[in-house]
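Colleague: Everything below, folded, please.
(4 chains)
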There are 2 protein chains.
Amino acid sequence: MPSSINYREFKLQIDALRLEICREIYRRNLDRIQVKKEDVAVARLTAIFNRTLEISNQVGFQAMSVRDLSERTNISMGALYAYIESKDKLLEMVLCMGRLAAARVMAMAPLELPDARSQLRWLLRAHLYLTEAMQPWFYFSYMETKYFDRDARERAIEGELASERYFSDCLSRGMAEAIFRPSDPAFTAALIKPMLQDWYLKPWKYRRRQIDVEDYAEKLIEFVETAVLLQPAIEAKQVSPP
Amino acid sequence: MPSSINYREFKLQIDALRLEICREIYRRNLDRIQVKKEDVAVARLTAIFNRTLEISNQVGFQAMSVRDLSERTNISMGALYAYIESKDKLLEMVLCMGRLAAARVMAMAPLELPDARSQLRWLLRAHLYLTEAMQPWFYFSYMETKYFDRDARERAIEGELASERYFSDCLSRGMAEAIFRPSDPAFTAALIKPMLQDWYLKPWKYRRRQIDVEDYAEKLIEFVETAVLLQPAIEAKQVSPP
DNA sequence: GTCTATACAACGATAGAC
DNA sequence: GTCTATCGTTGTATAGAC
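Modeller: Residues are numbered from 1 along each chain as shown, chains lettered A, B, ... in the order given. Next comes the predicted model:
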């Protein structure tokens, strides 16, 4: 992935990735899934995952009955259980799908960025674009974490902390390069995280205000850089009133 | 409330407020509550509300069975229903409690603060202290909003937007006073909000790092002021490595 | 591989004794 | 004002016909 990213291109890569990942999940769970025709199974599994996120993000995973899921996917109760074994295992597979996607995207990072500032920009953009492309999954994961079993909950928390570490490392680097203001990098990273999460947690707010991912990315970068750079950009753009 | 606030004092005021508010909720719902001895009823209602938040924040409001609540409050199913009429009405009362508290606290704001900078500081502190003192309610309200009925959901969203308006107005004021950097005040306010919310949404993270409300308030104020002030404080404190 | 029909547990809520 | 016992409903999951 080039260091300057454009959402449209990014989205194409993600969409390709997703098909691949659903196929991988099917293969990983061959013992639990009764349906043996791979193409049939992968297609229906994908639909099942998407509907699960859809319904859960409206009424919650607990409140989503398997009957609901059966109706919305047009798969009968009996057939559905040939794919998912149980509601708990369904959750497990859905979570696995997002984790795989996130890992693959981070692996797309350019190995060396010239300085901490461009690295910070890349991190912010990549985070926003990924969570935009897979908004339902990230929203789901955030809102349902507390209902997960211990193992899944710990993985989710580890994910949160790991992504903070990317930022905290980048901030340390910028301080070492003497282009970032001295501060507590772990804490600053902890402040940046919720601003990134707001994008996928309250999509209604930004849709209403007609702000898209790229607008959000640009403005967030401006805000964070002003707080973090030793010499923030002088170009103080005058904003016209609404 | 003085313009410089201390959490300990703030907490005392909130605790007094809460008893008052539970009594008011009892009186508002006299027709629905079968128990007529006010002191008995208010005491038990308070316990019911607290346990409801406790259980819901672990397993979710939907998954909390009234039986669970009955066991944890040591009130039998029959008796419980003499207080709450239905699970839905219980939710309504719990939400009402928090809304009343938030409104009363905002009414505590000092009428005139000398400049936008001290107003911004007051707003940040008041928000953090209130949500710390009533963390279970704010966590609950955030996580359960999407399950509310239309009316309650709209109220919750209105609350979010209203609190953003406080910040956006303050930012506009600061720009007019020529002490804040020119920028889009609504968007900056939208970025500040999730940093405030992180405090009550991920208490585990800050407990783990031994950061209390006052630490958080101070550091957040520093971060926001650096991003927002035209001439940020020069005192770039060197942070000793951990 | 998919369907309909059904088993069994847990839910919100209420009746009636005390 | 509080309890125990019970109602009808809805949930997850499965059996067996096709």
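
Colleague: other SSEs contacting the helix or strand containing A:Ser70?
Modeller: Assigned by DSSP states H and E, A:Ser70 falls within helix A:66-73. When contacts are defined as 3 or more C-beta pairs under 8 Å, 6 or more residues apart in numbering or on different chains; DSSP states H and E, helix A:66-73 sits against helix A:38-59, helix A:77-84. Placement of C-beta: from N, CA and C, glycine included.

Colleague: anything in that helix near DNA strand C?
Modeller: No: for helix A:66-73, no contact with DNA strand C is found by C-beta under 7 Å from any atom of the strand; the gap never falls below 8.0 Å.

Colleague: wait, does that helix make contact with DNA strand D?
Modeller: Yes: counting by C-beta under 7 Å from any atom of the strand, DNA strand D is contacted by helix A:66-73 at A:Val66, A:Arg67.

Colleague: So which bits of that helix are buried?
Modeller: Buried residues in helix A:66-73, counted by 16 or more other C-beta atoms under 10 Å in any protein chain shown: A:Asp68, A:Leu69, A:Ser70, A:Arg72, A:Thr73.

Colleague: Which residues of chain A lie near DNA strand D?
Modeller: A:Met64, A:Ser65, A:Val66, A:Arg67, A:Met77, A:Gly78, A:Tyr81, A:Glu85, A:Ser86, A:Lys87, A:Asp88.

Colleague: The third one reaches A:Asp88, doesn't it?
Modeller: What that stands for is A:Val66. No: applying C-beta atoms under 8 Å, one finds A:Val66 not in contact with A:Asp88, separated by 11.3 Å.

Colleague: and the closest residue to DNA strand C within chain A, how far is that from A:Leu161?
Modeller: Residue of chain A nearest DNA strand C, by C-beta to the nearest atom of the strand: A:Gly78 (2.2 Å). Distance from A:Gly78 to A:Leu161, counting by C-beta to C-beta, to the nearest Å: 42 Å.

Colleague: Show me which of the two is the more surrounded one.
Modeller: A:Leu161 (15 against 8; other C-beta atoms under 10 Å in any protein chain shown).

Colleague: Can you give me the pLDDT of the more buried one?
Modeller: Predicted confidence (pLDDT) for A:Leu161: 96.

Colleague: got it, and A:Val40?
Modeller: With respect to pLDDT, A:Val40 scores 93.

Colleague: Distance-wise, check it relative to chain B.
Modeller: For A:Val40, the distance to chain B equals 34 Å [C-beta to the nearest C-beta, to the nearest Å].

Colleague: So, low pLDDT: which residues of chain A?
Modeller: Residue ranges of chain A with pLDDT under 70: A:1-4, A:233-242.

Colleague: per-domain residue ranges of it.
Modeller: Structurally, chain A divides into domains by automatic domain parsing as follows: A:7-97, A:99-228.

Colleague: For those, state which one has the densest average packing.
Modeller: With neighbours defined as mean count of other C-beta atoms under 10 Å in any protein chain shown, these peak in mean count at domain A:99-228, which reaches a mean of 18.

Colleague: what about the helices in chain A?
Modeller: Taking DSSP state H, the helices of chain A run over residues A:7-28, A:38-59, A:66-73, A:77-84, A:87-106, A:116-133, A:135-144, A:150-176, A:185-201, A:203-208, A:213-228.

Colleague: Out of those, which is closest to B:Arg165?
Modeller: The closest of those to B:Arg165 is helix A:203-208. By C-beta to C-beta, the value is 13.0 Å.

Colleague: is chain B contacted by that closest one?
Modeller: Yes: shown here: helix A:203-208 in contact with chain B (C-beta under 8 Å from any C-beta of the partner chain) through A:Trp204, A:Lys205.

Colleague: Run through who's touching that helix.
Modeller: A:Gln135, A:Tyr139, A:Trp199, A:Asp212, A:Tyr216, B:Ile157, B:Glu160, B:Ala190 (C-beta atoms under 8 Å, 6 or more residues apart in numbering or on different chains).

Colleague: Check stretch A:24-44 too.
Modeller: Counting by C-beta under 8 Å, 6+ apart, A:22-23, A:45, A:73, A:75, A:82-83, A:85, A:89, A:93, A:96-97, A:100 sit against stretch A:24-44.

Colleague: Swap in 10 Å and give it another go.
Modeller: Residues from elsewhere that reach stretch A:24-44 (C-beta atoms under 10 Å, 6 or more residues apart in numbering or on different chains): A:19, A:22-23, A:45-46, A:49, A:73-75, A:79-86, A:89, A:92-94, A:96-97, A:100.

Colleague: ok, now how distant is A:Leu230 from DNA strand D?
Modeller: 54 Å (C-beta to the nearest atom of the strand, to the nearest Å).

Colleague: and that residue, how many neighbours does it have?
Modeller: A:Leu230 has 13 nearby residues by other C-beta under 10 Å.

Colleague: distance of it from B:Met175?
Modeller: Relative to B:Met175, A:Leu230 is positioned 23 Å away (C-beta to C-beta).

Colleague: Any chance of TSV for the domains of chain A, columns distance to B:Asn29?
Modeller: Listed next are the domains of chain A as TSV, based on distance: least, C-beta to C-beta, whole Å:
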stretch	distance to B:Asn29
domain A:7-97	26
domain A:99-228	29
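
Colleague: Hmm, A:Leu123 and A:Tyr129 touching each other?
Modeller: No: A:Tyr129 is beyond contact range of A:Leu123, at 11.0 Å (criterion: C-beta atoms under 10 Å).

Colleague: Excluding chain neighbours, what is closest to A:Arg121?
Modeller: Of all residues not flanking A:Arg121 in the chain, A:Ile221 sits nearest, at 5.7 Å (C-beta to C-beta, 6 or more residues apart in numbering or on different chains).

Colleague: Spit out the contact partners of the one you found.
Modeller: By C-beta under 10 Å, 6+ apart, the contact list for A:Ile221 reads A:Arg117, A:Leu120, A:Arg121, A:Leu124, A:Arg125, A:Leu128.

Colleague: so which of those residues would you say is closest to A:Ala107?
Modeller: The closest of these, once distances to A:Ala107 are taken by C-beta to C-beta, is A:Arg125, at 16.1 Å.

Colleague: That closest one reaches A:Glu9, doesn't it?
Modeller: No: between A:Arg125 and A:Glu9 there is no contact under C-beta under 10 Å: 11.8 Å.

Colleague: Looking at the contacts of helix A:203-208, which is nearest B:Glu54?
Modeller: Of all the contacts of helix A:203-208, B:Glu54 sits closest to B:Glu160, with 23.8 Å by C-beta to C-beta.
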